Structure formats: structure tokens, C-alpha cells
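Visitor: coords below, sequence missing:
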């Protein structure tokens, strides 16, 4: 891009800024990051790691201490269909932007879409699950230059699962851990705040219901097929404000499950 084009673009952005922000015109020319704490994550950043570690240790110990019980580790991936959903962008000094957003998941683009789950096998049981979802805005308004949640629209669930034969039904709920990458009105929000300084924010609640089927392969190894519905609402920072997203999605997954026999199970295949 020529020096003249850059100057022209900067002048246009500077002209759009409110008069009460004279210094922000210079910032907008450089698209400098603006750090704004809008979601109140202070004191909460430790909870995702404690949740994941605590849930895994609890489920592992519970499974290994029960005669005949086993712990199941599952890894899945697949496709996602997102419903059109409301998106609100709110920035200080600007009119709100409200659209009916169309998000694409791009499950095969890096970072990949996947689900990880640990739980006790058989009957009714508790599970911990991470769904690493992704959202790319496909119909951005004029005010938005870039809007994506690619390093995770992460859904952290604690599930109750009911298993009978080769079928399983599960329902769960938990927080959304989002990693937004946004440029709104020429202002990029930095990816260095939030949880552990990595740009992750505890953003809101999520729930799910799912139906799955097991296909036994060999010993404790099984093929899993699953369909699930998730509903989540997230609020996370953008430059000088915040965004609120509601996401409803259908997930079709395929993966593998490994059963680890507990005490007294004798390592036998089911």
C-alpha cells in the first residue's frame, strides 16, 4: 500500500472518531491495541484449570475406587451447524451495532474443532467435557473489519450421562471460555488479557444435550458416534467496549473411547 493510501485511510478513520477523543485519532492511525477491562474476570482466571484438573482427578479416583467401574477417555471431532443468532457490539461513544449473525465453524481449519471427555463408564455417571468450538463471522457489518473466536469458543461441561447397552444420553452445563480476535471500527482488541494473559475470558453459561452410540472395536477401545445440541451466551471485551453473542448449534461427532478398568474389573472387556 502506498504512503498516500495509508494517509487517506488514517484520515478517514480519524474523521469517524468522536471529537471528545482527540488522542484516539493518533491511536487509530496505528490501530494500536486498547486494553479495556469490561467483563470482570478478575479472580476467576484460575477456575478453568482448577475445574479441569479437579474434575479429572475426582472422576478418575471415583472410577478406580469402585469395584468393576472404569474410567473412559474420549476424543471426538466432526461438523457443526450454527443457527443465525443475535450479536451485539457496544463501544463507548458509538451507537450500538446489532445484527443477526451468521457464524461458520470451519472445523478442519487450524486450530481444529474437537471434543474431549472423561467420565465413568456404565449406568448413570458424571463426566467432564471440553468442546473446542470456533466461530467466524460471515456477514460482518461495515463497522467490523474482523470478528472471530478461533482459539476457542470453548464449552466446559459437567455432564450427567445415562448409558444403556450401546446407547448413551447426556446433559450438562458449565462456563464458556472464549478467545476473541476482533477489529471493530479500526480498533483491534489485544489478545494478551484475560485468563493467564493468553486472551481467554470466562464469558457466560452454556448447556448441552446429546445422544451417542458406542461401536465396540477391540478390548476397551470403541468407536463413538454422537449428535449434540449446545446453547451458549457469551460476553467478552472488544476495543472500548464488549460484544455479546448467543450461539445455538448442532454438532455431529465421530471419535474414539478408551476404557480403563477400575479396581476389581480385572481388565476384562465389557
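Guide: Arrived safely, thanks for sending. Remember, it's a predicted structure, so these values are computed and weren't measured experimentally.

Visitor: ok, and what's touching stretch 162-176?
Guide: Stretch 162-176 has contacts (C-beta atoms under 8 Å, 6 or more residues apart in numbering) with 47-48, 51, 121-125, 127, 129, 153-161, 202-216, 232-234. Quick note: C-beta positions are derived from backbone N, CA and C, even for glycine.

Visitor: buried among these? Make that a PyMOL selection.
Guide: Selection of buried members from the contacts of stretch 162-176 for PyMOL, criterion 16 or more other C-beta atoms under 10 Å:
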select buried, resi 47+48+51+121+122+125+127+129+153+154+155+156+157+159+161+202+203+204+206+208+210+212+214+232+233+234
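
Visitor: if you look at the contacts of stretch 162-176, which of them are in strands?
Guide: With DSSP state E as the criterion, strands contain 123-125, 127, 129, 153-161, 202-216, 232-234 from among the contacts of stretch 162-176.

Visitor: the nearest residue to residue 112 once chain neighbours are set aside sits in which helix or strand?
Guide: Distance criterion C-beta to C-beta, 6 or more residues apart in numbering; nearest residue to residue 112, sequence neighbours excluded, is residue 77 at 6.6 Å. Assigned by DSSP states H and E, residue 77 belongs to strand 70-82.

Visitor: what lines up beside that strand in the sheet?
Guide: Here strand 70-82 is paired, per DSSP bridges, with strand 114-120 (antiparallel), strand 241-261 (antiparallel).

Visitor: run the chain-centre distance for it.
Guide: With C-alpha atoms, centre = their mean, to the nearest Å as the basis, strand 70-82 stands 14 Å off its chain's centre.

Visitor: stretch 135-148 now?
Guide: 17 Å.

Visitor: all strands of the stretch 1-150 of the chain, in order?
Guide: Ranges of strands in the stretch 1-150 of the chain, per DSSP state E, counting those that start in this stretch, are 70-82, 85-91, 97-101, 103-104, 114-120, 123-137, 144-164.

Visitor: mean confidence for the strand holding residue 77?
Guide: Throughout strand 70-82, pLDDT has a mean value of 93.

Visitor: buried stuff in it?
Guide: For strand 70-82, a neighbour-count test (16+ other C-beta under 10 Å) marks 70, 71, 72, 73, 74, 76, 78, 80, 82 as buried.

Visitor: quick one, it and strand 144-164 angle?
Guide: Interaxial angle of strand 70-82 relative to strand 144-164 (axes from the mean of the first three to the mean of the last three C-alpha atoms, to 10 degrees): 140 degrees.

Visitor: please consider this matter closed, and thank you.
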